[in-house]
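Student: following is a predicted model, sequence given first.
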Amino acid sequence: MIRNATQIQDAATLQYRETRPLSAANQMGSILVKSGRLSVGDTERILREQHIHRQRFGETGVALGLLTAADIDFALSSQFAYPYLRRGESSVSEEVIAAYDPFSKQVEALRALRSQLVMRWFGSGAQRSALAITSAERGDGRSYIAANLAVLFSQLGQRTLLIDADMRRPRQHKLFGIENRSGLSGILSGRNAATDVQRIEALMDLSVLPSGVLPPNPQELLGRGAFPQMLRDFSTEFDVILIDTPPDYDYADGQTAAARAGAALVVARKDKSHVGAIGNLVDSMKHSGVLVVGAVMNEY
């Protein structure tokens with residue numbers, strides 16, 4: 001016989017533990033505990049209240065003041081294999097906004113761009129896996145767009161490779177916090193192998209090939225037959241290959257890389273890029289047989 005309030009509470013807790021469903025709520029609690037966002041005791045408290053009021057785990061945690069909307073987004077992203085990073089806990093630069101704020105307006109705009117690229121190039125039915133990201137002038141945000149698109153394609157479940165073909169002023173190794181002692185220049189010169197590709201462990205299905213040691217002849221290296229052969233080899237391992245290139249205004253490397261890839265996305269920056277320079281770049285690539293998939297106006 002139950003004789004006091006303590007026994008009643010203990011009995012209620014026992015009944016709750018025996019009947020609570022092994023559902024997504026428990027999975028969410030486990031994810032939050034492992035990430036340090038929630039204690040085991042608070043998880044039990046949320047589950048008790050959830051059982052009583054028949055609410056969702058996240059909704060109950062927020063009502064109790066134990067969880068925030070950001071906590072719920074984090075747990076859901078893990079449940080649905082859509083991981084993203086927490087600030088201060090990764091070597092990946094916060095400029096790679098798709099890796100840190102996947103629910104922001106900027107990333108929604110980038111997702112819309114990704115969808116257009118899938119329809120116009122990657123999902124066209126042909127064997128198309130490589131795309132050069134080009135711009136007419138320095139400072140247009142080409143490397144920013146390339147890095148964030150690479151993350152977004154990987155989040156789509158596509159095996160994604162980002163190649164830094166800017167062997168003048170490379171940035172991708174800085175954006176992803178990786179070493180740049182060897183990379184593309186070594187492969188094209190025959191000194192290194194494709195093993196220089198570096199897996200970004202914190203992000204799903206994403207790899208980066210940095211530029212490597214800066215060579216004295218980057219345009220000549222990109223013009224060699226080793227570059228298209230490398231792209232063909234990589235196309236058997238990766239679904240999407242994005243190539244970051246130098247600005248066209250300073251060098252012809254970008255057009256060379258685009259010709260090897262077969263297609264290019266042109267990046268312009270609001271209130272900075274010059275229309276004439278963009279027009280010259282597009283015309284030049286078209287005359288070289290490059291398919292200009294589209295252009296994007298970068299505001300960030």
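Tutor: Structure received.
Student: what about the helices in the stretch 201-300 of the chain?
Tutor: Secondary structure of the stretch 201-300 of the chain by DSSP state H, counting those that start in this stretch: the helices cover 218-223, 226-234, 253-261, 275-287.
Student: got the CA coordinates for stretch 254-262 in CSV?
Tutor: Taking Å, rounded to 0.1, in the frame of the first residue of the first chain, the C-alpha atoms of stretch 254-262 are listed here in CSV:
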residue,chain,number,x,y,z
GLY,A,254,39.9,31.2,-64.1
GLN,A,255,38.9,30.9,-67.7
THR,A,256,41.4,28.0,-68.1
ALA,A,257,39.9,26.2,-65.2
ALA,A,258,36.4,26.9,-66.4
ALA,A,259,37.3,25.5,-69.8
ARG,A,260,38.5,22.3,-68.2
ALA,A,261,35.4,22.0,-66.0
GLY,A,262,33.1,22.8,-69.0
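Student: if we can go back for a sec, so for D205, which of the helices of the stretch 201-300 of the chain sits nearest?
Tutor: Distance to D205, taken as Cβ to Cβ, is lowest for helix 226-234 among those, at 14.0 Å. Just so you know, the C-beta spots here come from the backbone N, C-alpha and C atoms, and that holds for glycine as well.
Student: about what we covered before: okay, the helices of the stretch 201-300 of the chain in TSV with distance to S182, mean pLDDT and mean neighbour count next?
Tutor: Below are the helices of the stretch 201-300 of the chain laid out as TSV (distance: least, Cβ to Cβ, whole Å; pLDDT from 0 to 100; neighbours: other Cβ atoms under 10 Å):
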stretch	distance to S182	mean pLDDT	mean neighbour count
helix 218-223	14	93	20
helix 226-234	14	94	16
helix 253-261	19	92	25
helix 275-287	30	93	15
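Student: what about the residue nearest the centre of the chain, which helix or strand?
Tutor: Per Cα atoms, centre = their mean, the C-alpha nearest to the average position across the chain is that of V151, at 1.0 Å. With elements taken from DSSP states H and E, the one containing V151 is helix 142-155.
Student: tell me how far that helix lies from the chain's centre.
Tutor: On the basis of Cα atoms, centre = their mean, to the nearest Å, the separation between the geometric centre of helix 142-155 and that of its chain is 5 Å.
Student: can you give me the angle the helix or strand just after it makes with helix 142-155?
Tutor: Where DSSP H and E defines the elements, the next helix or strand beyond helix 142-155 is strand 160-164. Taking axes from the mean of the first three to the mean of the last three Cα atoms, to 10 degrees, strand 160-164 and helix 142-155 form an angle of 160 degrees between their directions.
Student: residues of strand 160-164 that come out buried?
Tutor: Counting neighbours by 16 or more other Cβ atoms under 10 Å, one finds that the buried residues in strand 160-164 are 160-164.
Student: next SSE after that strand?
Tutor: By DSSP H and E, the next helix or strand past strand 160-164 is helix 172-175.
Student: one step back: tell me the one among the buried residues of strand 160-164 nearest to R142.
Tutor: For the buried residues of strand 160-164, the closest approach to R142 (Cβ to Cβ) belongs to D164, at 11.1 Å.
Student: residue contacts, the closest residue to that closest one other than its chain neighbours?
Tutor: Among residues not flanking D164 along the chain, Q172 sits closest, at 3.9 Å (Cβ to Cβ, 6 or more residues apart in numbering). Q172 makes contact with 143, 146-147, 162, 164, 166, 208, 210-211, 244 under the criterion Cβ atoms under 8 Å, 6 or more residues apart in numbering.
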